[in-house]
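Student: With the sequence up front, the predicted model follows.
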Amino acid sequence: MSDIDPTLAARRVAVRNPRGRASQDTPGERALAELAEQTEVGEVLLRSLTRAQLLLAARIFAVFGFFLLGLPALFATQPGLADYRVFGLPLPWVLLGGAVYPALVLLGFLYVRQAERNERDFVEFIERS
């Protein structure tokens, strides 16, 4: 054993497979790479998020539109409702002039909450893939 040079024995070199990194990807790195590289898979993922957000906006708009357009239609078909007074003001004025704003705030709150949930679900999906 004395014929081995001590400087050669102490020097070590690690040899690694360059493809070994592919098996060590953390969950979601592949999907993030697809998004960053704007591949077809990344486009499909972004389109799914965009579609979910658009459908949410359409649902919120439909609910608000139904009530905003439904109230004048209700008062047009039931003229007797206009005779009711709330705080000395006609009921149509109270509903269309006052109750619309709290409804807008509520729908805005619901929209933001659901939109954030859609984005959280998207991020969780990306992290799992």
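Tutor: Cool, got the structure.
Student: What count of nearby residues applies to Glu124?
Tutor: Neighbour count of Glu124, defined by other Cβ atoms under 10 Å: 11. Where C-beta positions appear, they are placed from N, C-alpha and C, glycine not excepted.
Student: Arg117 versus that one, what's the distance?
Tutor: Distance, Glu124 to Arg117, by Cβ to Cβ, to the nearest Å: 10 Å.
Student: Only the buried residues of stretch 31-41, if you could.
Tutor: Ala31, Leu32, Glu34, Leu35 (16 or more other Cβ atoms under 10 Å).
Student: Narrow these to those in helices?
Tutor: Among these, DSSP state H puts Ala31, Leu32, Glu34, Leu35 in helices.
Student: In this model Ser48 seems to touch the last one, though I could be wrong.
Tutor: I take that to be Leu35. No. Using Cβ atoms under 8 Å, Leu35 is not in contact with Ser48, being 11.6 Å away.
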